[in-house]
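Chemist: coords please:
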Amino acid sequence: MTGLQDRLTPEQVEEFGRELDALRQRTVESLGQEDVDYIHSIIKTQRGLEVAGRALLFAGFFPPAWLAGVGALSVAKILDNMEIGHNVMHGQYDWTRDPALSSQRFEWDTVAPAENWRHSHNYIHHTYTNIVDKDRDVGYGILRMDTAQKWHPYYLGNPVYATLLALFFQWGVMLHDLEIERVVKGERSWAENVPVLKKIVRKAGRQVGKDYVLFPLLTGPLAPLTFLGNATANLTRNLWAFAIIFCGHFPADVESFSEEETENESRGQWYLRQILGSANITGSPLFHIMSGNLSHQIEHHLFPDIPARRYPEIAGEVRAICEKYGLPYHTGPLHKQLWSVAKKIVKFALPRTSPSPTTVEPDRQLRAA
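Modeler: Numbering: from 1, shown residues only. As a prediction, this is how the structure comes out:
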């Protein structure tokens, strides 16, 4: 782990890990009714917004009602996916023993089946965060986002692929589970994808039927307007989720790692990798709720199974620990992080972004200093 070892001595890494373990333990021990009340209030708000949005679309012939309906439905879909679905499926509320908050039972309002997502995200991404060729979220199998990814003329389309992924993000997340890039390389057979594909077809069929057949038909002659309203709400959710997720993982200062340098890593080294491979987004309390508190991506990568509402209150201590050990704590406003991501997408579309072997290690040493 040459790059990671450049940051801290082995003794510092272990002490760093112990401090974060202690922070985690204190937070877990303080969980209680306030956390339960919070998530139930978010669920109640989300359901109210969805009902209001669906109802307003019945009056979609009146433009203000259509706009209000689309707005309410958009916010409902964002809350369902980010502050509720993503966080509940991480097991953040399994300690409550509430079946409605069970990570294994929850299903969200998106075409990606929860069971598939729990494997590709909870296990693969959060275990191998930013390890190239292990974490499939690095480029989502279609983008070049790192120098370790060998350039190919295909990547000239990076900006186009990123734009399409943003527009159809829920579909991209759904198809991500098929691991098409591994099938192309011969590392995975189509037969292995059959169980995954069956779940995808069932879930996508239900979602498409609900948003684009059932609810439009219920509004009778307003069906085209309802269809458009649902499509707009899904588009809004897709663009928002893409922006938040990419800004937490791919700004310029966020680092990636090789399999070799992360072999046999300790708990402290795992924590260190999460810090270096993540970025936060600054904003208001409402902004953090709408992001599912993934605006605190650093804290989420450190403690993915702690209720996300706790991330803002522990962020100050995490940052102080980073400062104590001379580690970066990447954060910035949404527009800054989004612009950084956009530049990176364009940069890695071009061939001349791979450092020569003689410049890799000095560059690491400079950043470590």
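
Chemist: all helices of the stretch 1-150 of the chain, in order?
Modeler: 2-5, 10-29, 33-57, 63-78, 87-89, 114-117, 126-127 (DSSP state H, counting those that start in this stretch).

Chemist: export those helices to a markdown table and tack on mean neighbour count and mean pLDDT?
Modeler: Placement of C-beta: from N, CA and C, glycine included. Output for the helices of the stretch 1-150 of the chain, formatted as a markdown table (neighbours: other CB atoms under 10 Å; pLDDT from 0 to 100):
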| stretch | mean neighbour count | mean pLDDT |
| --- | --- | --- |
| helix 2-5 | 18 | 53 |
| helix 10-29 | 15 | 96 |
| helix 33-57 | 16 | 98 |
| helix 63-78 | 20 | 98 |
| helix 87-89 | 24 | 97 |
| helix 114-117 | 18 | 92 |
| helix 126-127 | 14 | 91 |
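
Chemist: just so I know, which of those lies nearest residue 338?
Modeler: helix 63-78 (16.6 Å; CB to CB).

Chemist: any idea how far that closest one is from the chain center?
Modeler: Here helix 63-78 is found 24 Å from its chain centre; the criterion is CA atoms, centre = their mean, to the nearest Å.

Chemist: what angle sits between that helix and helix 33-57?
Modeler: Interaxial angle, helix 63-78 versus helix 33-57 (axes from the mean of the first three to the mean of the last three CA atoms, to 10 degrees): 150 degrees.

Chemist: so which strand or helix has the nearest residue to residue 275 once chain neighbours are set aside?
Modeler: Distance criterion CB to CB, 6 or more residues apart in numbering; nearest residue to residue 275, sequence neighbours excluded, is residue 327 at 5.7 Å. Assessed by DSSP states H and E, residue 327 sits outside every helix and strand.

Chemist: and residue 327, how far is that from residue 43?
Modeler: Residue 327 is 36 Å from residue 43, where distance means CB to CB, to the nearest Å.

Chemist: could you do residue 59 as well?
Modeler: Distance from residue 59 to residue 43, by CB to CB: 26 Å.

Chemist: show me the shaky parts of this protein.
Modeler: 1-6, 353-369 (pLDDT under 70).

Chemist: next, name the residue at the spatial heart of it.
Modeler: Nearest to the geometric centre of the chain sits residue 245, at 4.2 Å (CA atoms, centre = their mean).

Chemist: that residue: what secondary structure?
Modeler: At residue 245 the chain is in helix, as set by DSSP: H, G, I helix; E, B strand; the rest coil.

Chemist: any chance of the helices of the stretch 1-150 of the chain in TSV, plus distance to residue 163?
Modeler: Shown next, in TSV, are the helices of the stretch 1-150 of the chain (distance: least, CB to CB, whole Å):
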stretch	distance to residue 163
helix 2-5	32
helix 10-29	37
helix 33-57	27
helix 63-78	20
helix 87-89	27
helix 114-117	23
helix 126-127	27
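
Chemist: nearest to residue 310, out of the ones you listed?
Modeler: Nearest of those to residue 310, taken as CB to CB: helix 10-29 at 5.7 Å.

Chemist: surely the residue nearest to the centre of the chain meets residue 294?
Modeler: Yes - between residue 245 and residue 294 there is a contact at 6.7 Å, judged by CB atoms under 8 Å.

Chemist: rewinding a little: so which of the helices of the stretch 1-150 of the chain comes closest to residue 317?
Modeler: helix 10-29 (5.8 Å).

Chemist: for the closest one, packing partners?
Modeler: Contacts defined by 3 or more CB pairs under 8 Å, 6 or more residues apart in numbering; DSSP states H and E place helix 10-29 against helix 267-276, helix 311-324.

Chemist: winner for burial among those helices?
Modeler: helix 267-276 (a mean of 22; mean count of other CB atoms under 10 Å).

Chemist: and the next helix or strand past it?
Modeler: strand 280-282.

Chemist: pull out the buried positions in that next one.
Modeler: 280, 281 (16 or more other CB atoms under 10 Å).

Chemist: what is it packed up against?
Modeler: Counting by 3+ CB pairs under 8 Å, 6+ apart, strand 280-282 packs on helix 223-249, helix 297-302, strand 331-333, helix 334-347.

Chemist: so for residue 268, which of those sits nearest?
Modeler: helix 297-302 (11.6 Å).

Chemist: just put the helices and strands packed on helix 10-29 in CSV and tack on distance to residue 203.
Modeler: Below are these laid out as CSV (distance: least, CB to CB, whole Å):
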stretch, distance to residue 203
helix 267-276, 30
helix 311-324, 29
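
Chemist: for residue 208, see how far away residue 296 is.
Modeler: When residue 296 is compared with residue 208 (using CB to CB), they lie 33 Å apart.

Chemist: more crowded one of these two?
Modeler: The residue with more neighbours, out of residue 296 and residue 208, is residue 296; 26 against 12, by other CB atoms under 10 Å.

Chemist: show the end-to-end separation of stretch 239-257, please.
Modeler: From the first residue to the last, stretch 239-257 extends over 28 Å; the measure is CA to CA, to the nearest Å.

Chemist: that one: which residues count as buried?
Modeler: Buried residues in stretch 239-257 (16+ other CB under 10 Å): 240-251, 254-257.

Chemist: secondary structure class for the residue lying farthest from the centre of the chain?
Modeler: The centre of the chain is farthest from one residue, residue 221, which by CA atoms, centre = their mean lies 38.2 Å away. Three-state call for residue 221 (three-state DSSP): helix.
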